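Novice: I'll drop the sequence and a predicted model, then ask my questions.
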Amino acid sequence: MREGRSVSDKSKAPAKPEKGSRRRRLAVTVLVVLGALCIFISTLSVWIRDVALDEDVWAETSSQLLQSENIRNSLSIYLVDQAYASSNAEVRLQEALPEQLKPLAGPLSAQLKGVAYDAVNRALERPRVQELWRSANRALNAQLVAFIEGDTTRLQSTGGAVVLNVDQLVADVAGSGAAGAVEGRVQPIVVLQADQLSAMQKVVKVLKALAFWPLIIGLLLWAGAVYWAGTRRRQTLRNIALSLALMGLLILAILRVVGHGIVNNLVQTESVRPAAADAWTILTSLLAQSAAAGIFIGLIALLGIWFSGPGARATAGRRWLAPVFRDHPLVVHGTLAVLLLLLLAWGPAGTPRRLIGVVIVVILAFVGLEVLRRQTVRDFPNEVGHYDFHWRRRGGSGSPADDRVESLERLAALHDSGALTDDEYEAEKALLAT
């Protein structure tokens, strides 16, 4: 009797999960997390390479900077202040005035300085001046890249610092008659000192080496997680899509927090903070776009994974699309191609390094759609869509009565084979009667 109770108790005991199963789940989770970390590093490194090391992107970014009203205001104040300081405008004005008017040199100089601010600001809106600004920033980028790549000889003429030389821009502004007082030599804008660049050099070299491989490694880790997941592949794909969306949200949050800290804590002058905020937004726009793309792709992937699941609404949706998926695969993939082309037209790929990510996303989109299409056809091989009957009535070769009889016969055959339930059969008959 004891032995019988022992056997009975063992049979009622809940089955314990196998250790191998728990280890596999843990391994899959680790692969998903490591893959997301690699994609995160790749996103940051590509952004740094595009903004800091690509002359075209840097020049375009600098043009956007000058299009900001706050930045133009700050730049015009800097140019006029530097020119006034180097030309001793007040002293020259005092010398030019009659003896009885010499006390007015200070107030007149201040008034002229205010006029110069407005005049230079308007001049900075001119296409030629903006092109000079673009050229100066392109030269700055060449300096920066040269230093990072070890060509330090190009920095000797500027005292070991990377600077933005605006002499030509100031000469053009003064020569246009925008501000006659802007005649002095303007000191170059020091972007980074050599000792500051040494730390940046090491970081950028590492990130430059990691601009491509983390993306490949991350995708391989995710592929390994899906393969190793076994029967839990849908859950693993869901976690990957969720991690992609969360990573985009994390990047946006970091940009907001870091930008707020830089503008409010590092920029001491209150009047310069609006320009600093605009500059931060423009410089990080490519990274913000990448984050938004990650959120969008993750949400679309989550929607596709849900649609392939066993839920009632998802199943009903697949049943409704089954005839199109089965009979018109080219239409299905063509629709996706059109949507992707519209998205690319709305948000261009940008540099070739970003184009690589776009190509990978497009390939994965077509693969995922084909997997969903085959699953739907496999789940509902004999499903008949409403469009089929309407098409037959509109385009069939026989009379409407013959088409209706043929459709009823097909419905009856599907009902007899069990492909249609009684309710579905009656619903389709009612549609034919309309």
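Specialist: Right, received. Where do you want to start? Bear in mind the structure is a predicted one, so any value in this text is a computation, not a measurement.
Novice: Run through the residues that contact residue 301.
Specialist: 237, 240, 241, 244, 368 (Cβ atoms under 8 Å, 6 or more residues apart in numbering). C-betas here are computed from N, CA, C, even on glycine.
Novice: Just the pLDDT at it, thanks.
Specialist: Model confidence at residue 301, given as pLDDT, is 93.
Novice: A helix includes it, no?
Specialist: Yes: assignment of residue 301 by DSSP: H, G, I helix; E, B strand; the rest coil places it within a helix.
Novice: how far away is it from residue 361?
Specialist: Using Cβ to Cβ, to the nearest Å, we find residue 301 at a distance of 10 Å from residue 361.
Novice: By mean pLDDT, point me to the weakest helix or strand of this protein.
Specialist: The least trusted helix or strand in the chain, going by mean pLDDT, DSSP states H and E, turns out to be helix 386-395, with a mean of 43.
Novice: show me what contacts residue 379?
Specialist: The neighbours of residue 379, taking Cβ under 8 Å, 6+ apart as the test, are 315, 318, 319, 322.
Novice: And it, how far from residue 326?
Specialist: Applying Cβ to Cβ, the value for residue 379 to residue 326 is 11 Å.
Novice: The nearest residue to residue 222 once chain neighbours are set aside: what's it in contact with?
Specialist: Closest residue to residue 222 apart from its sequence neighbours, by Cβ to Cβ, 6 or more residues apart in numbering: residue 35 at 4.2 Å. Contacts for residue 35 (Cβ under 8 Å, 6+ apart) come out as 217, 218, 219, 220, 221, 222, 225, 240, 243.
Novice: Pull the residues that contact the helix or strand encompassing the fifth one.
Specialist: So the one you mean is residue 221. Assigned by DSSP states H and E, residue 221 falls within helix 213-229. Contacts with helix 213-229, where a contact means Cβ under 8 Å, 6+ apart, come from 24, 27-28, 31-32, 34-39, 41-42, 45, 233, 235-237, 240, 356-357, 360.
Novice: Kindly report the same for stretch 332-347.
Specialist: Here stretch 332-347 has contacts from 289, 293, 324, 325, 358, 362, 365, 366, 369, 370, 373, using Cβ under 8 Å, 6+ apart.
Novice: Also stretch 270-284?
Specialist: So stretch 270-284 is in contact with 47, 51, 61, 64-65, 68, 70-71, 73-74, 255, 259, 262-264, 267, going by Cβ under 8 Å, 6+ apart.
Novice: quick one: buried residues of that stretch?
Specialist: Neighbour counts over stretch 270-284 (16 or more other Cβ atoms under 10 Å) mark 272, 273, 274, 275, 276, 277, 278, 279, 280, 282, 283, 284 as buried.
Novice: so where's the stretch 1-150 of the chain uncertain?
Specialist: 1-20, 82-115, 147-150 (pLDDT under 70).
Novice: Helices along the stretch 251-400 of the chain, start to end?
Specialist: Using DSSP state H, counting those that start in this stretch, the helices of the stretch 251-400 of the chain run over residues 273-283, 285-307, 312-327, 329-346, 352-379, 386-395, 400-417.
Novice: With distance to residue 130 added, can I get these in a markdown table?
Specialist: Formatted as a markdown table, the helices of the stretch 251-400 of the chain follow (distance: least, Cβ to Cβ, whole Å):
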| stretch | distance to residue 130 |
| --- | --- |
| helix 273-283 | 14 |
| helix 285-307 | 18 |
| helix 312-327 | 52 |
| helix 329-346 | 26 |
| helix 352-379 | 25 |
| helix 386-395 | 55 |
| helix 400-417 | 67 |
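Novice: ok, of those, where does mean pLDDT dip lowest?
Specialist: Here the helices of the stretch 251-400 of the chain differ in mean pLDDT, and the lowest is helix 386-395 at a mean of 43.
Novice: how about the residue nearest to residue 210 when sequence neighbours are not counted, what does it touch?
Specialist: Sequence neighbours aside, residue 45 is the residue nearest to residue 210 in space, at 4.8 Å (criterion: Cβ to Cβ, 6+ apart). By Cβ under 8 Å, 6+ apart, the contact list for residue 45 reads 207, 208, 210, 211, 214.
Novice: In what element of secondary structure is residue 45 found?
Specialist: Per DSSP H and E: helix 19-53 holds residue 45.
Novice: Following element in sequence after that helix, please.
Specialist: Downstream of helix 19-53 (by DSSP H and E), the next one is helix 55-66.
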